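[1] Pasting the sequence and the predicted model now:
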Amino acid sequence: MSLTLDSRQQAARAWFESLRTRICAAFEAIEREAGSAAAFVYTSWDREADGLAPGEGGGGVRGVMKGKIFEKVGVNVSTVGGAFAPEFAKTMHGASEDPAFFATGISLVAHMANPHVPAVHMNTRYLVTAKSWFGGGADLNPPLPREEDTAYFHAVLKNACDAHGPDHYPRFKAWADDYFFIPHRGVHRGVGGIFYDHLEGDFDADFAFTRAVGEAFLEAYPPIVRRRMDESWTQDDYARMLEWRGRYAEFNLVHDRGTLFGLKTGGNIDAILMSLPPMASWS
């Protein structure tokens, strides 16, 4: 990658990459506990855009593991830069007059083998146009919701939010409830979490909060997996999971901003679509 990064961009990139390493290690440890030798396979990629030599526009690393507990989990990091297409620039914060941009972040989606283990999504990112800001969040997506898991996941996120602002959790929870909704189905994608965007004005404070979200994810999700991964399930449970995965796929293909951003900026197609489940059904 030949992008030239300033100190803030480099710090954000380094954090996202270090978080990726820790999350992948935590997920592989769960596979080991289940007697599985599954491990992440990493594939690097360069951003492809007109007029750019390989690596000139940045790139990333796609990490995918298919195991006994994690039927399919992708953990991606990317650092890219260049210029938005004119029409897309009009839709991006701070890019309406100057299409130049920089973006770095981490994105993960886990689809689980046991219907009682919730799927999960987490993404945090740092973007620079004429403005610079952080965004992201995490949300839990159980095919078969359990109140204990939902309450724990939200409690950990709330603690992280409360340490950085009394309004963060109620505001970002409401934002997640609004964002992770499938309008054409009239249902939420899962049981929510937090979502935030355009967090700007104080780099140090906003970066600290974004790091706290990553730490909260590591605290919240692995215990839920361990709590549920050995539970027995029925064919009806499995059918429910496949149907729910169909709803998840619909949201990601039709409404998800991250999918659109990746497609519009010359991202790696396999990395962009790693959020899709390995199997799904539509009755």
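    All right, it came through fine. Every value quoted in this text rests on a predicted model; they were computed, and no experiment measured them. Numbering: from 1, shown residues only.

[2] Could you pull out the helices in the stretch 51-200 of the chain for me?
    Here the stretch 51-200 of the chain has its helices, by DSSP state H, counting those that start in this stretch, at 86-89, 147-162, 168-179.

[3] Redo those as CSV? Include mean pLDDT, mean neighbour count and distance to G105.
    C-betas here are computed from N, CA, C, even on glycine. Shown next, in CSV, are those (pLDDT from 0 to 100; neighbours: other C-beta atoms under 10 Å; distance: least, C-beta to C-beta, whole Å):
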stretch, mean pLDDT, mean neighbour count, distance to G105
helix 86-89, 83, 14, 17
helix 147-162, 98, 18, 18
helix 168-179, 97, 17, 16
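
[4] Looking at those helices, spot the one closest to I23.
    Ranking these by proximity to I23 (C-beta to C-beta) places helix 147-162 first, at 14.9 Å.

[5] So which residues make contact with the closest one?
    The contact list for helix 147-162 (C-beta atoms under 8 Å, 6 or more residues apart in numbering) reads 118, 138, 140, 142, 168-169, 172-173, 191-194, 209, 212-213, 215-216, 219-221, 223-224, 227-228.

[6] As JSON lines, the helices of the stretch 51-200 of the chain with distance to K264 would be great.
    Formatted as JSON lines, these follow (distance: least, C-beta to C-beta, whole Å):
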{"stretch": "helix 86-89", "distance to K264": "5"}
{"stretch": "helix 147-162", "distance to K264": "29"}
{"stretch": "helix 168-179", "distance to K264": "18"}
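
[7] Between the ones you listed, which one is closest to R245.
    Nearest to R245, of the helices of the stretch 51-200 of the chain and by C-beta to C-beta, is helix 147-162 at 17.8 Å.

[8] Show me the strands in this structure, by range?
    For the chain, applying DSSP state E gives strands covering 41-46, 58-65, 70-83, 100-112, 119-128, 132-141, 181-182, 187-188, 192-199.

[9] Beta-bridge partners for R62, please?
    T43, N76 (DSSP bridges).

[10] Kindly confirm whether my reading is correct that it touches S275.
    No. With contact defined as C-beta atoms under 8 Å, R62 does not reach S275; the gap is 11.6 Å.

[11] Mind listing the shared neighbours of the two?
    Common neighbours of R62 and S275 (C-beta under 8 Å, 6+ apart) are G74.

[12] out of the two, which sits in the more crowded spot?
    Neighbour totals were compared for R62 and S275, and S275 leads with 25 against 21 (other C-beta atoms under 10 Å).

[13] Can you name the residues that contact the nearest residue to that one once chain neighbours are set aside?
    Excluding its sequence neighbours, the residue lying closest to S275 (C-beta to C-beta, 6 or more residues apart in numbering) is V109, at 4.1 Å. Counting by C-beta under 8 Å, 6+ apart, V109 touches V73, G74, A119, V120, H121, M274, S275.

[14] From S96, how far off is the closest residue to M65 other than its chain neighbours?
    Distances taken as C-beta to C-beta, 6+ apart place F40 nearest to M65, at 4.5 Å, with adjacent residues excluded. Computed as C-beta to C-beta, to the nearest Å, the F40 to S96 distance reads 39 Å.
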